[in-house]
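S.K.: 3D model of this:
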Amino acid sequence: MAGRDERIGAARRLALAAAAGGVAGSLVGGVEALYILSRWSTGEYLALLFGVVSGGLAGALAGLVPGALLAAVRARRSAALDWSAAFNVVLIGFGGAVLRHHLVFDALREHPVPRSWDLALGIGAALVLPLGLWWAAILVGRTPLRLLLRARGAAVAAGTVWGLAALFAATPGPVRTDAALVPDPPATPPPEGAPDVVLLVLSGVRAGDLAAMPHLAALAGESVRFADVSAAAGWTGGAVASLWTATLPPAHGVLGDGDRLAAGRTLAEVFRDAGYATGAVVTDGGLVHGLGFGRGFDWYRFEGPRRVIGVSESAASLAVVRRLEEWLLARRRVGAGVVHGPTGPALRAARAFVEANREAGRRFLLAAQLSEAAPPWVGADGRVVASGPSVGAARAAALARLDAEVGAFLAWLDGRAGGDDVLVAVTADHGVELGEHGRVGDGLGLYEEVLRVPLLLRLPGRELAGWRVPWPARTVDLAPTLAARAGVAAPREWYGRDLLTGEVVGLLEDRAHGDLGGEAGPPPRPAVAVQDHRGAALATVRLGAWKLARALPDDPRGEPREALRDLDRDPGERRDLAGRRADRQAELSRLLREAVGEARARVGGGAPLSCSVCRRLLDLGTVADCERACRGPD
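M.R.: All right, here's what the predicted structure looks like:
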């Protein structure tokens, strides 16, 4: 009989510990969800429901560990003390893990966690645990919360909390996800003869990829083709922000994941003020409206990937959900639409915007960001491919799918939508590494395979069709070029410049008639790229064939502190000439500092930077000082 009583006691202790762990986990998940929703809004609050539910389940499982230990100790203790012990172990352990996760990804941008931080977390946990044990035991032992010690009471409490979270999650967010396709009539109509404008941004497409994409190769024959175009960042958020604002990352503020597009007038704002209807559809989760990427667009639609476990975009940022999705993606067969937002639905939404504004007689600007070709890719067996020999085939299939969908959209645009008076721009936000420097992916470095992107401009009436521009250009120059062709005044804040000025067109005409030799053209401007992403702060500046690259001393991928390369003689960027051409190094260092300084000055000093980010940029030689950023707490 005594053995049976002990077994019953042990089972009850385990159940108590699981219930206590569930309460602690729900609390941690709820707080984490509120933190995520406070940073940005995706138009929904489902993170709160998924936070308390996933946190509660994870906490209940974790609570079994201290429960088993307590059950093994045959000593007389109150049920309240057992509950308090499990609650505090899970609250401090699980909560500490979630806190560290967000410190790494949000505060440190995946840079190494200082040992002092881990030490502070450990000391804090050691100090809080005794107080928490005493406080929680009193709460569940001497207050009405003692109902949590009973199975029925714990179930009612969990149901109430989860129900309230579900009710709150069903509340519409402040971001309009149902904005009308056709906005209200403008106060000022667009300029006389202004064209409609379509901008297609193909993530992960390199400059040389168009040759293997027949529909886009055909488009190149109808377009002005820029042969040497440099992106401003090697990852989607920073590169698209530079496309939108015609300025550099230290000016607009998007240097790493989760950064808000905080400064600079966007292409959409400028066109909307000029009387255009503005719309965009994006497929990358880092471009949500709540991070500022929808600023200026009358209609902004996010066609995100189908999540492995069906969560929303806000819930996907939860630590538990993120880790679970990573684990599932590595082990199960998925479709391409699970890894990236599918191209087909995105372009169907784009068609609806075009048709609605055509029928309403409105001039429009449409931007579409498509992630089909970006890493990771999905192999023929349906599994995610991030490296290895099957990358080539998986990426080729993704490029083929993207080309077919874009080709169908352009054919429709030319047919039903009267595409002859539409200015079509096709570019990429960034390219991708395919093992040239020992890595596969994007956002890892700033080598030319990542920074060189295609740029096609099909002008109304097929003007300048088939012309090739050999001179260096930059993606920050695209917005001013589109504005100039639409007769829209470019704002002073834009760092980029019009690529097709009358002088440039005249030079191209002279070159076509044999009046210029070689690659003579307008004076080159420095191409700058900066990012503080995935644990690495990097900066490059290129002028003509010479390129200077900088990294921090503790770069996690072993990039040199400073490297100088001659791209004419070394297109693969294998030889470092730093120290052998001090004149070139000094010139490029000056140009890097001056370019970033000019870009930030144009937008009123630039987006606010945290002290830690500013210090890394200072170490890269891209900003002059951090006095303003480091006045207060980081």
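
S.K.: is Ala227 located within a strand, as I assumed?
M.R.: Yes: under DSSP: H, G, I helix; E, B strand; the rest coil, Ala227 sits within a strand.

S.K.: on the pLDDT front, check the closest residue in space to it that isn't next to it in sequence for me.
M.R.: In space, and not counting its chain neighbours, Ala227 is closest to Pro470: 5.2 Å by C-beta to C-beta, 6 or more residues apart in numbering. (Glycine included, C-beta is placed from N, CA and C.) Here, the pLDDT recorded for Pro470 equals 89.

S.K.: and Pro470, how many neighbours?
M.R.: Look at Pro470: counted by other C-beta atoms under 10 Å, it has 15 neighbours.

S.K.: try Gly502
M.R.: By the criterion of other C-beta under 10 Å, Gly502 has 8 neighbours.

S.K.: and Glu269, by the same measure?
M.R.: With neighbours defined by other C-beta under 10 Å, the count for Glu269 comes to 17.

S.K.: renumber starting at 317 from here on
M.R.: Yep, numbering from 317; the last one is Glu585 now.

S.K.: scan the helices and strands of this structure for the one with the lowest mean pLDDT.
M.R.: Within the chain, judged by mean pLDDT, DSSP states H and E, the helix or strand with the poorest mean is helix 652-655; its value is a mean of 62.

S.K.: packing partners for the next helix or strand after that helix?
M.R.: With elements assigned by DSSP states H and E, the helix or strand that comes after helix 652-655 is helix 659-675. The contact analysis (3 or more C-beta pairs under 8 Å, 6 or more residues apart in numbering; DSSP states H and E) places helix 659-675 against strand 593-598, strand 615-618, strand 680-686, helix 707-731.

S.K.: next one: the helix or strand just after the second one to chain centre, how far?
M.R.: Next helix or strand after strand 615-618 toward the C-terminus (DSSP H and E): helix 635-645. Using C-alpha atoms, centre = their mean, to the nearest Å, the distance from the centre of helix 635-645 to the centre of the chain it belongs to is 18 Å.

S.K.: buried residues, helix 635-645. List them.
M.R.: Residues Ala635, Val636, Val637, Leu640, Glu641, Leu645 are the ones in helix 635-645 that count as buried (16 or more other C-beta atoms under 10 Å).

S.K.: in PDB, please show the C-alpha coordinates belonging to that helix.
M.R.: What follows is helix 635-645, C-alpha atoms only, in PDB (Å, rounded to 0.1, in the frame of the first residue of the first chain):
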ATOM      1  CA  ALA A 635      12.100  31.500 -30.600                       C
ATOM      2  CA  VAL A 636      10.300  28.200 -30.200                       C
ATOM      3  CA  VAL A 637       8.600  28.400 -33.600                       C
ATOM      4  CA  ARG A 638      11.700  29.500 -35.400                       C
ATOM      5  CA  ARG A 639      13.800  26.600 -34.000                       C
ATOM      6  CA  LEU A 640      11.000  24.100 -34.700                       C
ATOM      7  CA  GLU A 641      10.600  25.300 -38.300                       C
ATOM      8  CA  GLU A 642      14.400  25.100 -38.900                       C
ATOM      9  CA  TRP A 643      14.300  21.600 -37.600                       C
ATOM     10  CA  LEU A 644      11.400  20.500 -39.700                       C
ATOM     11  CA  LEU A 645      12.800  22.200 -42.900                       C
END
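
S.K.: and it, what does it pack onto?
M.R.: Using 3+ C-beta pairs under 8 Å, 6+ apart, the elements in contact with helix 635-645 are helix 362-388, helix 395-418.

S.K.: tell me the angle it makes with helix 395-418.
M.R.: Here helix 635-645 runs at an angle of 70 degrees relative to helix 395-418 (axes from the mean of the first three to the mean of the last three C-alpha atoms, to 10 degrees).

S.K.: what's near enough to touch His753?
M.R.: Gly761, Tyr763, Glu889 (C-beta atoms under 8 Å, 6 or more residues apart in numbering).

S.K.: so Val740 makes contact with Leu532?
M.R.: No: Val740 lies out of contact with Leu532 (C-beta atoms under 8 Å); the separation is 10.9 Å.

S.K.: which neighbours do those two have in common?
M.R.: Taking C-beta under 8 Å, 6+ apart as the criterion, Val740 and Leu532 both touch Leu772.

S.K.: picking that back up, what's the closest of the helices and strands packed on helix 635-645 to Gly337?
M.R.: Taking C-beta to C-beta, helix 362-388 is the member of the helices and strands packed on helix 635-645 nearest to Gly337, at 2.0 Å.

S.K.: what mean pLDDT does the closest one get?
M.R.: Summarised as a single mean, pLDDT over helix 362-388 is 88.

S.K.: what angle do helix 395-418 and it make with each other?
M.R.: Helix 362-388 runs at 130 degrees relative to helix 395-418, counting by the same axes, to 10 degrees.

S.K.: for helix 362-388, buried residues please.
M.R.: Quick answer for helix 362-388 (16+ other C-beta under 10 Å): 362-376, 378-380, 382-383, 386-387.

S.K.: next one: stretch 890-906
M.R.: For stretch 890-906, the neighbour count (16+ other C-beta under 10 Å) marks Leu893, Ala894, Arg900, Gln901, Glu903, Leu904, Ser905 as buried.

S.K.: nearest to Asn673, of the residues you listed?
M.R.: Nearest to Asn673 out of the buried residues of stretch 890-906 is Leu904 (C-beta to C-beta; 44.9 Å).

S.K.: show me what the helix or strand hosting the closest one is packed against.
M.R.: Using DSSP H and E, Leu904 sits within helix 898-918. Packing contacts for helix 898-918, counted by 3+ C-beta pairs under 8 Å, 6+ apart, involve helix 565-568, strand 843-849, strand 852-859, strand 862-867, strand 878-882.

S.K.: show the subsequent helix or strand relative to the first one.
M.R.: By that I understand helix 565-568. Downstream of helix 565-568 (by DSSP H and E), the next one is helix 583-589.

S.K.: how about residues contacting that following helix?
M.R.: Contact with helix 583-589 is made by 502, 504, 513, 515, 559-562, 594, 596, 611-614, 681, 683, 795, 798-799, 802, 804-807, as judged by C-beta under 8 Å, 6+ apart.

S.K.: what's near enough to touch the closest residue to Gln847 other than its chain neighbours?
M.R.: Setting aside the residues directly before and after it, Gln847 is nearest to Ala549 in space (C-beta to C-beta, 6+ apart), at 4.8 Å. The contact partners of Ala549, by C-beta under 8 Å, 6+ apart, come to Ala555, Ala557, Ser558, Pro565, Val570, Asp745, His746, Ala845, Val846, Gln847, His849.

S.K.: and Val821, how many neighbours?
M.R.: So Val821, with other C-beta under 10 Å, has 15 neighbours.

S.K.: ok, Trp693 next?
M.R.: The number of residues packed around Trp693, counting by other C-beta under 10 Å, is 26.

S.K.: what does the one 3 residues further on give?
M.R.: If you count neighbours by other C-beta under 10 Å, Ala696 ends up with 10.

S.K.: phi and psi next, for Gly895.
M.R.: Main-chain dihedrals, Gly895, degrees, to the nearest 10: phi 90, psi -20.

S.K.: okay if I get the buried residues of stretch 890-906 as CSV plus pLDDT?
M.R.: Output for those, formatted as CSV (pLDDT from 0 to 100):
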residue, pLDDT
Leu893, 94
Ala894, 92
Arg900, 94
Gln901, 95
Glu903, 96
Leu904, 96
Ser905, 96
